[in-house]
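Chemist: I'd like to go over a predicted model; first the sequence, then the structure.
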Amino acid sequence: MILTLTLNPSVDRTVFVDALPRGAVIRSRRGWSEPSGKGVNVALALHRHGLPATAVLPVGGSVGAQLSEMLGRAGLPVRQVAVRGEIRSNISLVEPDGTVTKVNEPGPELHADETEALVRVVLDNLADVAWLACCGSLPDGVPVGLYARLARAARDRGVRVAVDTSGEPLRASLAGRPDLVKPNAQELAHLVGRPLRTLGEVVDAAREVRTLGADAVLASLGADGALLVDAEAALHAEAHVARVVSAVGAGDAALAGFLHGGGRGAPALRTAVAWGTAAVQHEGTLFPAADPDQSVLLRADFDPARPLRDADAVPGRANRSP
Ligand SMILES: Nc1ncnc2c1ncn2[C@@H]1O[C@H](COP(=O)(O)OP(=O)(O)OP(=O)(O)O)[C@@H](O)[C@H]1O
Ligand SMILES: O=P(O)(O)OC[C@@]1(O)O[C@H](CO)[C@@H](O)[C@@H]1O
């Protein structure tokens with residue numbers, strides 16, 4: 001069983017536009033809403049592939065009620081904690097060339113009693129759990145070290161922990177010695193405080209993150225696939241994608257694939273890239289079942305000097321097709 005925690009879930013709204021002129025009234029061609037937030041996405045991807053997964057999340061306000069209703073329709077097992085604030089809506093504006101401009105709201109502040117209720121729900125639901133995945137941004141009011149605290153508590157109960165977040169919450173999570181962190185290139189660059197331009201520089205950065213506390217680093221690199229750096233090796237995997245439709249949620253698909261693939265080594269990395277590949281070929285945040293025959297090129301003898309296609313990985317990049 002895999003338990004995911006999303007402290008800042010959302011209803012993701014994807015809106016297709018012909019152009020994005022600032023200050024204009026833009027008539028969109030179509031749009032839709034999906035239940036979301038990083039841990040919700042991970043749980044939904046696992047659930048759709050038949051792996052038992054449960055999502056822990058706060059719900060509040062009318063958007064929270066909508067989110068709850070959507071998750072009920074998806075049949076995803078959830079543990080919801082009622083909060084006083086309104087859950088956020090995040091918007092993806094998709095242009096015809098595939099460029100996605102994403103607007104993420106801050107989400108409601110969580111009060112101390114609400115955060116503690118969510119922690120209690122996580123700790124009370126760790127029986128038979130193989131992995132706890134702590135995913136996404138921390139809303140205002142949540143202590144920056146919360147993921148580290150949960151990592152320690154989960155480890156004491158024999159549960160492995162994956163963390164997928166960014167900025168200070170990612171840095172602070174390392175104190176809890178998580179089994180896995182999944183930064184993208186920009187998040188990793190931010191963490192080590194320097195731009196990353198080649199596969200070799202990503203490996204060096206991932207090794208540094210291991211010395212800071214993570215046991216393994218799954219660095220998702222967009223069009224350059226993913227690198228797994230753990231105690232045994234540094235492995236690179238990638239797959240050909242004819243046309244990228246939307247990269248929103250691809251990182252969550254990759255993390256879900258990694259966990260589905262056993263959570264360690266080459267088989268997990270291969271599944272991560274197969275699922276990320278499926279996600280980018282699908283509109284919006286979520287994606288249907290990954291192609292079980294997806295071919296993935298996996299190698300330990302990759303060229304460390306190979307430049308990243310998304311060169312100058314720095315924080316703040318939008319999701320865009322190459
Ligand atoms: N442009 C692309 N071409 C091919 N594969 C891609 C592309 N973008 C993403 N992928 C696949 O999806 C995986 C995850 O993508 P990415 O590194 O963009 O995650 P992310 O930035 O964490 O995404 P998000 O935060 O939106 O979930 C990659 O490891 C890769 O396998
Ligand atoms: O604001 P956060 O918590 O960092 O990220 C939230 C989010 O951008 O992540 C998912 C894609 O990974 C989206 O479904 C969702 O809107």
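Modeler: Thanks, I have it. Ligands and ions are numbered 1, 2, ... in the order given.
Chemist: What is the helix or strand hosting Arg73 packed up against?
Modeler: According to DSSP states H and E, Arg73 maps onto helix 61-74. With contacts defined as 3 or more CB pairs under 8 Å, 6 or more residues apart in numbering; DSSP states H and E, the packing partners of helix 61-74 are strand 10-16, strand 30-36, helix 38-48, strand 53-59, strand 78-82. Backbone N, C-alpha and C define where each C-beta goes, glycine included.
Chemist: got the contact list for the longest one?
Modeler: In this case it means helix 38-48. For helix 38-48, contacts defined as CB atoms under 8 Å, 6 or more residues apart in numbering pick out 2, 4-6, 9, 35, 52-57, 71, 74-77, 133-136, 164-165, 249, 251-253, 255-257, 259-260, 275, 279, 285-289.
Chemist: Restricted to buried residues, select these in ChimeraX.
Modeler: To isolate the buried ones among the contacts of helix 38-48 in ChimeraX, judged by 16 or more other CB atoms under 10 Å, type:
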select :2,4,5,6,9,35,53,54,55,56,57,71,74,76,133,134,135,136,164,165,249,251,252,253,255,256,257,259,260,275,279,285,286,287
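Chemist: just checking: which of the contacts of helix 38-48 also lie near ligand 1?
Modeler: Among the contacts of helix 38-48, the residues lying close to ligand 1 (CB under 6 Å from any ligand atom) are 249, 251-252.
Chemist: and which of these is nearest ligand 1?
Modeler: Relative to ligand 1, the closest of the ones next to ligand 1 among the contacts of helix 38-48 is Gly251; by CB to the nearest ligand atom it sits at 2.0 Å.
Chemist: Now for the spatially closest residue to the closest one that is not a sequence neighbour: which residues touch it?
Modeler: Of all residues not flanking Gly251 in the chain, Ser220 sits nearest, at 5.0 Å (CB to CB, 6 or more residues apart in numbering). Contact partners of Ser220, counting by CB under 8 Å, 6+ apart, are 182-185, 226, 250-251, 254, 272, 276.
Chemist: Not counting its neighbours along the chain, what's nearest Val203?
Modeler: Ala234 (4.7 Å).
Chemist: For that neighbour, what are phi and psi?
Modeler: phi -120, psi 120 (degrees, to the nearest 10).
Chemist: and it, how far is that from ligand 2?
Modeler: Distance check for Ala234 against ligand 2: by CB to the nearest ligand atom, to the nearest Å, it reads 24 Å.
Chemist: so how many other residues sit close to that residue?
Modeler: Residues contacting Ala234 under the criterion other CB atoms under 10 Å number 20.
Chemist: Mind pulling up the pLDDT for it?
Modeler: Predicted confidence (pLDDT) for Ala234: 98.
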